[in-house]
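S.K.: Sequence first, predicted model second:
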Amino acid sequence: MSLSDAVLSGASPEELQRAPLPSHFTAAHLRVEDEGLFGDSEDKDVRRTLHVGEVPMPELAPDEVLIAVMASSVNYNTVWSAKFEPLSTFRFLRSYARQGGWATRHDQPFHVLGSDGSGVIVRVGTGVRRWRVGDHVIVSPAYVDDQEPATQSDGMLSENQLAWGFETNYGGLAHYSVARASQLVPKPAHLTWEEGASIPVCGGTAYRMLVSDRGARMKQGDIVLIWGASGGLGAYAAQLVKNGGGIAVGVVGSESKTAIARKLGCDVVINREEIGIGDDTGDDPELAIKAGKRLGAIIRREVGADPHIAFEHVGRATFGISVFVVRRGGAVVTCGSSTGYHHEFDNRYLWMKLKRIIGSHIANLQEMVECARLFERGHIAPVVSEVHPLSEVGEATRRVQLNQHIGKVGVLCLAPEPGLGVTAPELRARIGEDTLNPLRPFTPAAVR
């Protein structure tokens, strides 16, 4: 029996250990020869560079595990990787390899992508203590050096912290992936493989941004402005705000997404078109202030006050608005810049009104565990809206690139179909399918 067949048949840990490792495996990957493919092309279509095919199986370092990946999901860093911008991710791999030792394995003419994953451990390195073959896990994307002093305070402060499957090789969009033991979290037993795989990047990031003492420290009653409230990050942010007793004000890109944001917990939903915000609004601080005045007037009309927190990940198009619109002493917490990294804003509204900008990146392992606990208790639900086979990863990533998706776009790797992986059916039944699938009414034909 092959290792993949053993995993799919639910073989025992002993049988998994006896099954031979394949020399190659199927993975979604980039090829170094494609680095200059797009040139000056205006539309850098990720379907042209995302390949699905065989890559060689790497050797495990002592602190690593090999995971049979049942499901993964698409994040915006997969789009960046496949566009080779703002930097080619092969530069990340070459830079990491210069550390020497086990890091040299990552510098290959291929790059296996994917920063989310759920699956079954099939091999453990000689230095792994807390995990065993057969364990069901989800993978945190925070790839940190546990021998660096800063990591003992907060893994995200590590100078050598990398994003797994983006700045490292052998990520989650594959039949097998390699992860450090310090990245692993038990998969919530009532969730399917694809639901579990939707949690780490967006769920963990939103948790750190809003709830952690290293983020905005949201408290009960806080008004939180959430950009992109129907997307992966925004969908988790809306639920965390609602679950924490806050007031969620969501901004979405079209009228069709309004009902989705409300379903996810937003008390107020604003269509971006209604306040005249385009991708070029951030190019002019004066335009941003005018848009901020329109947005602020709507928020005060609906909830009676200005936001305490702006949940930022859109970047250039919205950042100046966020700085303007949060209240005196408020906070803008940011984890990304999908519309551009170079932000312009009127600094008077920051310093004279004592506002704060908080940078946030992924989540450390403890934050990821605390986030997963909310899923285990049914307080937060997965936001998978569609599921694609690994063979269609290019199409799935293209949908994220064009913002044609809602919630999280799942990818089945070794799992042959959606809905598998549940080992606590009683808990799932108690929470309820409707609660666990909040986006199902909006995407009846998208899950296949």
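M.R.: Happy to help now that I have it. Numbers count the residues shown, from 1 in each chain.
S.K.: quick check, distance from stretch 312-321 to the centre of its chain.
M.R.: From the chain centre to the centre of stretch 312-321 is a distance of 18 Å (C-alpha atoms, centre = their mean, to the nearest Å).
S.K.: just stretch 372-391 next, same as before
M.R.: 11 Å.
S.K.: and what of stretch 267-275?
M.R.: 24 Å.
S.K.: What of stretch 230-250?
M.R.: Centroid separation between stretch 230-250 and its chain, computed with C-alpha atoms, centre = their mean, is 15 Å.
S.K.: how long is it from one end to the other?
M.R.: 8 Å (C-alpha to C-alpha, to the nearest Å).
S.K.: and that stretch, which residues are buried?
M.R.: 230-242, 244, 246-250 (16 or more other C-beta atoms under 10 Å). C-beta: built from backbone N, CA, C; applies to glycine.
S.K.: Using the three-state scheme, assign V409.
M.R.: Assigned with DSSP: H, G, I helix; E, B strand; the rest coil, V409 falls in the strand class.
S.K.: and the strand ranked longest in the chain, how far out from the chain's middle?
M.R.: Counting residues, the longest strand found in the chain (DSSP state E) is strand 64-74. Between the mean C-alpha location of strand 64-74 and the chain-wide mean there is a distance of 14 Å, by C-alpha atoms, centre = their mean.
S.K.: Sheet-wise, list the partners of it with their directions.
M.R.: Partners of strand 64-74 in the sheet, by DSSP bridges, are strand 118-124 (antiparallel), strand 176-180 (antiparallel), strand 408-412 (antiparallel).
S.K.: Export the longest one to CSV, keeping only CA atoms.
M.R.: It stands for strand 118-124. Extracted in CSV, the C-alpha atoms of strand 118-124 (Å, rounded to 0.1, in the frame of the first residue of the first chain):
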residue,chain,number,x,y,z
SER,A,118,-4.5,20.7,7.3
GLY,A,119,-3.6,17.0,7.2
VAL,A,120,-2.0,13.9,8.8
ILE,A,121,1.5,13.7,10.2
VAL,A,122,3.2,10.8,8.4
ARG,A,123,6.8,11.3,9.6
VAL,A,124,8.5,13.1,12.4
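S.K.: can you count the residues close to G419?
M.R.: G419 has 12 neighbouring residues, counting by other C-beta atoms under 10 Å.
S.K.: what residues are up against it?
M.R.: T192 (C-beta atoms under 8 Å, 6 or more residues apart in numbering).
S.K.: Could you pull up phi and psi at it?
M.R.: When read as degrees, to the nearest 10, the backbone of G419 gives phi 90, psi 0.
S.K.: measure it to A181 for me?
M.R.: Distance from G419 to A181, counting by C-beta to C-beta, to the nearest Å: 29 Å.
S.K.: likewise A396?
M.R.: Using C-beta to C-beta, A396 is found at 29 Å from A181.
S.K.: When these two are compared, which one has more neighbours?
M.R.: More crowded of A396 and A181, by other C-beta under 10 Å: A396, with 27 against 20.
S.K.: Tell me the confidence at the more buried one?
M.R.: Listed pLDDT for A396 reads 97.
S.K.: And R448, by the same measure?
M.R.: Predicted confidence (pLDDT) for R448: 34.
S.K.: Where does pLDDT dip in this structure?
M.R.: When residues are selected by pLDDT under 70, those of the chain lie in 444-448.
S.K.: quick one: the helices in the stretch 51-200 of the chain?
M.R.: Using DSSP state H, counting those that start in this stretch, the helices of the stretch 51-200 of the chain run over residues 76-83, 89-97, 193-197, 200-210.
S.K.: What residues sit buried inside the second one?
M.R.: Along helix 89-97, these residues count as buried under the neighbour rule (16+ other C-beta under 10 Å): T89, F90, F92, L93, Y96, A97.
S.K.: So the second one sits against H111, correct?
M.R.: Yes: because the distance of 6.3 Å satisfies C-beta atoms under 8 Å, F90 is recorded as touching H111.
S.K.: can you list residues touching both of these two?
M.R.: Counting by C-beta under 8 Å, 6+ apart, the contacts common to F90 and H111 are L30, V32.
S.K.: May I see the strands paired with strand 64-74 arranged in CSV, with mean neighbour count and distance to E367 as well?
M.R.: Shown next, in CSV, are the strands paired with strand 64-74 (neighbours: other C-beta atoms under 10 Å; distance: least, C-beta to C-beta, whole Å):
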stretch, mean neighbour count, distance to E367
strand 118-124, 25, 18
strand 176-180, 26, 17
strand 408-412, 28, 19
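S.K.: G265 and R272, how far apart?
M.R.: Separation of G265 from R272 (C-beta to C-beta) stands at 19 Å.
S.K.: Can you give the contact residues for the lengthiest helix in the chain?
M.R.: In the chain, taking DSSP state H as the definition, the longest helix is helix 285-303. Helix 285-303 is contacted from outside by 223, 225, 247, 249, 251, 267-268, 270, 274-277, 280-282, 305-307, 320-321, 324-325, 344-346, 349, using C-beta under 8 Å, 6+ apart.
S.K.: hmm, back to that, just the ones of the buried residues of stretch 230-250 in strands?
M.R.: If you go by DSSP E, these have I247, A248, V249, G250 in strands.
S.K.: Just give me the closest of these to H24.
M.R.: Closest approach between these and H24, by C-beta to C-beta: G250, at 44.6 Å.
S.K.: quick one, what contacts the closest one?
M.R.: I226, A229, S230, G234, A238, A261, R262, L264, C266, V268, V269, I270.
S.K.: Go ahead and confirm the fifth one touches A229.
M.R.: Looking back up the chat, that one is A238. Yes: assessed by C-beta under 8 Å, A238 is found in contact with A229 at 5.4 Å.
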